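Student: Sequence and computational prediction follow.
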Amino acid sequence: MKIFTNVLVCLALALIVFNISLLDFNHLLEGNSMVAFIGIAASLCAVLILLIFKMSKKIEEKMNDKL
């Protein structure tokens, strides 16, 4: 499970980099730049959710070790 979440985090970060490359800095809120912004936001949400999941698994392991 740890490898799987790490791979997903790496993929989400790669999508962020890819979407940043699609931004047109002259027209940030038009056309493909808006799609890139949405992609960046979605990828950031995915990274945050996966990091929260990893932290919850670490807490769960520590709680099980104490019992």
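Tutor: All right, it came through fine.

Student: can you point me to the longest helix in the protein?
Tutor: Longest helix in the chain by number of residues (criterion: DSSP state H): helix 32-66.

Student: Summarise which helices and strands that helix is packed against.
Tutor: If you count contacts as 3 or more C-beta pairs under 8 Å, 6 or more residues apart in numbering; DSSP states H and E, helix 32-66 packs onto helix 2-22. C-beta: built from backbone N, CA, C; applies to glycine.

Student: Can you read off the pLDDT for the residue nearest the centre of the chain?
Tutor: Centroid check for the chain by C-alpha atoms, centre = their mean gives residue 47 as the closest residue, at 2.4 Å. pLDDT, residue 47: 97.

Student: Then residue 22?
Tutor: 93.

Student: Look up how far residue 59 lies from the closest residue to it other than its chain neighbours.
Tutor: Nearest residue to residue 22 in three dimensions, chain neighbours excluded: residue 36, at 4.1 Å (C-beta to C-beta, 6 or more residues apart in numbering). Using C-beta to C-beta, to the nearest Å, residue 36 is found at 35 Å from residue 59.

Student: who has more neighbours, those two?
Tutor: Between residue 36 and residue 59, residue 36 has the larger neighbour count (other C-beta atoms under 10 Å), namely 19 against 10.
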